[in-house]
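Please work out how this folds:
(one chain, ligands or ions: 1)
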Amino acid sequence: MTSPMQPDLSTMCANLTLADVDDEDLTIQITDNTTLHAKTDDEIYAVGRLVTQKPVRFAFFQDTMARVWMPSMGVNMTELQPRKYLFRFYHEKDISRVITEGPWTYEQNLLIMKRVQPGEDPESIPLTHAEFWIQVHSLPVGFRSEVVVTMIGSFLGTLIQVDDRNFDGLMRMFYRVRVAIDVAKPLKKQMKLKKDNGDWAFIDFKYERLPTFYFLCGVIGHGDKFCPKDVDVTAGKPYGAWMRAGS
Ligand SMILES: [Zn+2]
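This next block holds a predicted model:
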C-alpha cells in the first residue's frame, strides 16, 4: 500500500530517535488513509453512498447523521469521494443497529450502507443494493401463507428476512418482507400470482421509508432533471406516492 506520496510508516519510524514525549518534533502525523490500512479487529467500519447527483455538504451530512443515529460510543465519518463515506463505529451494538434499522436518508436521498468486513477494502465494496421493508398488500385469502410471502420476497430482490409477525394469528392488512433491491432498477409496484387451479390475483407493494424517486421511471435517486431515460412525460405517471407505506 506504499506509494511515493505516502512514505511507509516503518521507514519513518526507523528514522526516529527516542526523546522526551513532549518533544513536538517527534510527533508523527497519522493521516486517515494510513489508519485505514492498519485495521485491527476492534475497528468497526461501514461504507456508504448517497444515491443522488446533487452536491452534498459533508459537514451538514455528518452532523445530521450523527444526530439521527446517536451512537452510544460515537461515530467518525470520512468523505472518500463526493457522496461516498467511511463510517467508523466504536461499539458493535451501534453499527448493527444502524445497519439493521436502515434504509436511512439524508435530505430525502437514500443512503446505501454496507459493513466493511475485516481485511476488506471499503472502496471496492459495491453499493448498488439497499434493504427495504416492503409491504405486500391485497393478498387474497387463498394465498396467505409463509411460503407465498417468501416467494414474493424473492421475486422482489434478495430476500433478507420475513417479518415474524406476518402469521402470528392476528388479522393483517399486509405482510412484510425485508428485501435488498437494486436501486438502479425501477421499483416493483405490483405482481400477478397464479395458482395451478387457475386462481390468480394482483398484489400491490408499498415500501417503508422510501426516499425520493421519480414517478415516471420508478427509479430512486432523481427527479425529471436527472433522469437518463427517455420517458414519455405526457403518458401519465405509472408510479406514485401511493407506493410509500403509510400514504
Ligand atoms: Zn429516471
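
Look up phi and psi at residue 124.
Dihedral pair for residue 124: phi -100, psi 0, per degrees, to the nearest 10.

what about it, neighbour count?
Neighbourhood size, residue 124 [other CB atoms under 10 Å]: 8. C-beta: built from backbone N, CA, C; applies to glycine.

next one: residue 194
By other CB under 10 Å, the residues close to residue 194 number 9.

Quick check: bridge partners of it?
On the basis of DSSP bridges, residue 194 is bridged to residue 200.

Could you double-check that it lies in contact with residue 203?
No: assessed by CB atoms under 8 Å, residue 194 is found out of contact with residue 203, at 11.6 Å.

got the contact list for the residue most central in space within the chain?
Centroid check for the chain by CA atoms, centre = their mean gives residue 112 as the closest residue, at 2.4 Å. Going by CB atoms under 8 Å, 6 or more residues apart in numbering, residue 112 touches 48-49, 51, 103, 127-130, 183.

any idea which helix or strand carries it?
Assigned by DSSP states H and E, residue 112 falls within strand 109-116.

partner strands of that strand, parallel or antiparallel?
According to DSSP bridges, strand 109-116 forms sheet pairs with strand 44-51 (antiparallel), strand 104-106 (antiparallel).

Serialize those to a markdown table and add fields for mean neighbour count and mean pLDDT.
Below are the strands paired with strand 109-116 laid out as a markdown table (neighbours: other CB atoms under 10 Å; pLDDT from 0 to 100):
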| stretch | mean neighbour count | mean pLDDT |
| --- | --- | --- |
| strand 44-51 | 22 | 97 |
| strand 104-106 | 19 | 97 |
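
Would you mind putting those strands into CSV with distance to residue 237 alongside?
Shown next, in CSV, are the strands paired with strand 109-116 (distance: least, CB to CB, whole Å):
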stretch, distance to residue 237
strand 44-51, 20
strand 104-106, 21
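
So residue 62 belongs to a helix, correct?
Yes: with DSSP: H, G, I helix; E, B strand; the rest coil as the criterion, residue 62 is part of a helix.

pull the CA atoms of stretch 122-131 into PDB?
C-alpha atoms of stretch 122-131 as PDB (Å, rounded to 0.1, in the frame of the first residue of the first chain):
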ATOM      1  CA  PRO A 122     -14.000  -0.100   1.600                       C
ATOM      2  CA  GLU A 123     -13.500   1.400  -1.800                       C
ATOM      3  CA  SER A 124     -14.200  -1.900  -3.500                       C
ATOM      4  CA  ILE A 125     -17.500  -2.700  -1.800                       C
ATOM      5  CA  PRO A 126     -20.400  -2.400  -4.300                       C
ATOM      6  CA  LEU A 127     -23.100   0.000  -3.100                       C
ATOM      7  CA  THR A 128     -25.800  -0.900  -5.600                       C
ATOM      8  CA  HIS A 129     -28.400  -2.500  -3.400                       C
ATOM      9  CA  ALA A 130     -30.400  -1.300  -0.400                       C
ATOM     10  CA  GLU A 131     -32.600  -3.200   2.000                       C
END
